[in-house]
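**Q** just coords:
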C-alpha cells in the first residue's frame, strides 16, 4: 500500500449544521503542506471545547451524585452534579447509555447544566435555583414548559430527566438517530440543530461520571466496552468504519506524510460513516496527471484518493474515506447517520491493493495540519480500530 496524497486543489461547497455557521475557506493544496480548509461553529465554539479525558471503560457505570465531581473545563461542580443526576435517573429507568449522552447534551444546550428559575413564573422564584432564565414559562435543566408539570416538579432534576427520558424512549429507533434529531423530537426547539455541538463534550462528561459508559455499544442485547463497529454504534455516537485491521499507520518513520491509517479489507466491503454528520465531499480525486480515472484499480505512485468521501461531524471533526471501488453511495450536502453505508472498499487512486485509507481531522481543518492519529481518537470514542498483525 502506498502513500495517499490529499485531494488536489479545488473549491468545495459547504452546508453547515447551523444556519448561522461561519465558513472560512481556503484552497487545499495537493501536497497538504500550506493551504487549509477551515470550518468554524460547526459543532461548538471554544466554550464547548474540552481536553479529551483518559477514562477507561470499567463496566461499572453507577454514578455517585453526592461524591466528588471531576474537574472539567467550562463546567463547575454544581453543573456536573446536575449531569450526574440526569445520568443516575437514566440508570434507574434502565435507559441505555446513549440516552444519557443525548439527555446531558440537551441540558447543556437548554440551560448550560444549570437549574434555572424564570422571572415570569412566579412560583419558581422562591425555589432553589442556579440562575434565572426568561424563555416563556420554561424552567429547569431542560427548560421544560408548564405542560410538563408544576414549576417545582420541573425544577427537580430527577423529575425533569424522567420526563425527558419518557419522551425519548417513545421515539421509534431513537438510538439510531443523530443526537440533534432525537433531542429535537423531544424538545421541539426553535433551534433544532443546536444540540449537535454538545455531543462530544456530553460523551466526555458521561465517561467521566459513569466509568466510560459512552464508550459502550449494544452488542447482542448488552452493553459492551470498546466494541463499536459498522452498524453497532457506541453511546458516544461513533463506530469503526470497517472491521478490518490497521496495516500502515499514521505518519510512521517510513511514511511521514501518511495522514491516516490503512485498514485491510476485501474489495466490496461496506464502509460505514464513523459518526452522524454532513457529507462535504463525494467524488473522484484526480491522479498526478490531473485525470479522473477512479473506475479502474490504481497503483503506487498514481496519486489521489480515488473515489473518496469527507464527512463533517459535531465538534468540527472531519473523517475521510479513500480508495472506494465505485462512486460513493452518498452525495455532497447529504446528512448521514452513524453506521450508514457510504461506499465500498476498493483500490482506486494511489493504492497497491484493496483497503480503506481512513483519516480524522480536527478543528474543521481538512488539510494535513488538521490531521490527527485515528487510532487513539477512535479508541477514546469506544470504536477502536483493530491493531494490525
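**A** Good, I have the coordinates. Just so it is clear, the model here is predicted, and its values are computed rather than measured.
**Q** can you confirm residue 110 is in a helix?
**A** Yes: under DSSP: H, G, I helix; E, B strand; the rest coil, residue 110 sits within a helix.
**Q** can you give me the strands in the stretch 51-200 of the chain?
**A** Ranges of strands in the stretch 51-200 of the chain, per DSSP state E, counting those that start in this stretch, are 117-118, 132-133.
**Q** hmm, residue 137 and residue 146 touching each other?
**A** Yes: counting by C-beta atoms under 8 Å, residue 146 does reach residue 137; the two are 4.9 Å apart. Heads up, the C-betas are built off the backbone N, CA and C, glycines and all.
**Q** now residue 202: how far from residue 237?
**A** 9 Å (C-beta to C-beta, to the nearest Å).
**Q** for residue 103, same thing?
**A** Distance of residue 103 to residue 237, computed by C-beta to C-beta: 14 Å.
**Q** what of residue 299?
**A** Residue 299 is 37 Å from residue 237, where distance means C-beta to C-beta.
**Q** who's more crowded, these two?
**A** The residue with more neighbours, out of residue 299 and residue 237 and counting by other C-beta atoms under 10 Å, is residue 237; that gives 31 against 15.
**Q** quick one: contacts for that one?
**A** Residue 237 makes contacts with 98, 101, 178-179, 199, 203, 275-276, 314, 338, 381, as judged by C-beta atoms under 8 Å, 6 or more residues apart in numbering.
**Q** repeat that with 7 Å
**A** Shown in contact with residue 237 (C-beta atoms under 7 Å, 6 or more residues apart in numbering): 179, 199, 203, 275-276, 338.
**Q** can you check residue 192 too?
**A** Contacts of residue 192 by C-beta under 7 Å, 6+ apart are 180, 184.
**Q** number of nearby residues for the nearest residue to residue 160 once chain neighbours are set aside?
**A** Spatially, and ignoring its direct neighbours in sequence, residue 160 is nearest to residue 140 (4.6 Å; C-beta to C-beta, 6 or more residues apart in numbering). The number of residues packed near residue 140 is 34, by other C-beta under 10 Å.
**Q** I'd say residue 140 and residue 158 touch.
**A** No: checked against C-beta atoms under 7 Å, the pair residue 140 and residue 158 is beyond contact range at 10.9 Å.
**Q** about what we covered before: can I get the contacts of residue 237 in CSV with neighbour count?
**A** Formatted as CSV, the contacts of residue 237 follow (neighbours: other C-beta atoms under 10 Å):
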residue, neighbour count
179, 25
199, 31
203, 31
275, 29
276, 25
338, 25
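**Q** now those as CSV including pLDDT?
**A** Output for these, formatted as CSV (pLDDT from 0 to 100):
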residue, pLDDT
179, 94
199, 94
203, 96
275, 96
276, 94
338, 95
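**Q** reformat those residues as JSON lines; add distance to residue 327.
**A** As requested, these are exported to JSON lines (distance: C-beta to C-beta, whole Å):
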{"residue": "179", "distance to residue 327": "29"}
{"residue": "199", "distance to residue 327": "30"}
{"residue": "203", "distance to residue 327": "33"}
{"residue": "275", "distance to residue 327": "22"}
{"residue": "276", "distance to residue 327": "22"}
{"residue": "338", "distance to residue 327": "22"}
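**Q** which among those gets closest to residue 288?
**A** Nearest to residue 288 out of those is residue 275 (C-beta to C-beta; 31.7 Å).
**Q** is residue 183 in contact with residue 195, as I believe?
**A** Yes: if you go by C-beta under 7 Å, residue 183 and residue 195 touch, sitting 4.1 Å apart.
**Q** mutual contacts of these two, please.
**A** Common neighbours of residue 183 and residue 195 (C-beta under 7 Å, 6+ apart) are 105-106.
**Q** follow-up on the earlier one: residues contacting the residue nearest to residue 160?
**A** 115-116, 154-155, 160.
**Q** can you check residue 379 too?
**A** Contact analysis of residue 379 by C-beta under 7 Å, 6+ apart lists nothing.
**Q** now for the nearest residue to residue 99 once chain neighbours are set aside, how many residues are close by?
**A** Once flanking residues are discounted, residue 99 sits nearest to residue 90: 5.4 Å by C-beta to C-beta, 6+ apart. By other C-beta under 10 Å, the residues close to residue 90 number 30.
**Q** okay, and which of the contacts of residue 237 map to helices?
**A** Taking DSSP state H as the definition of helices, the contacts of residue 237 contribute 179, 199, 203.
**Q** may I see those arranged in a markdown table, with distance to residue 351 as well?
**A** As requested, these are exported to a markdown table (distance: C-beta to C-beta, whole Å):
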| residue | distance to residue 351 |
| --- | --- |
| 179 | 34 |
| 199 | 33 |
| 203 | 33 |
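**Q** which one of those residues is nearest residue 190?
**A** Comparing the ones in helices among the contacts of residue 237 against residue 190 with C-beta to C-beta places residue 179 closest, at 17.8 Å.
**Q** pLDDT below threshold where in the protein?
**A** For the chain, the stretches flagged by pLDDT under 70 are 1-54, 122, 124-126, 129-131, 134-135, 388-389.
**Q** let me see the domain layout of it.
**A** The chain breaks down by automatic domain parsing into domains covering 22-46+236-380, 61-210.
**Q** count of neighbours near the closest residue to residue 110 other than its chain neighbours?
**A** Excluding the flanking residues, the one nearest residue 110 by C-beta to C-beta, 6+ apart is residue 143, at 4.2 Å. Look at residue 143: counted by other C-beta under 10 Å, it has 23 neighbours.
**Q** for the one 5 residues further on, same thing?
**A** Other residues near residue 148 come to 18 when the count uses other C-beta under 10 Å.
**Q** who's in contact with it?
**A** Contacts of residue 148 by C-beta under 7 Å, 6+ apart are 154, 163.
**Q** roughly how far does it sit from residue 363?
**A** Taking C-beta to C-beta as the measure, residue 148 falls 38 Å from residue 363.
**Q** cool, residue 113 as well?
**A** Taking C-beta to C-beta as the measure, residue 113 falls 24 Å from residue 363.
**Q** for residue 151, same thing?
**A** Residue 151 sits 41 Å away from residue 363, going by C-beta to C-beta.
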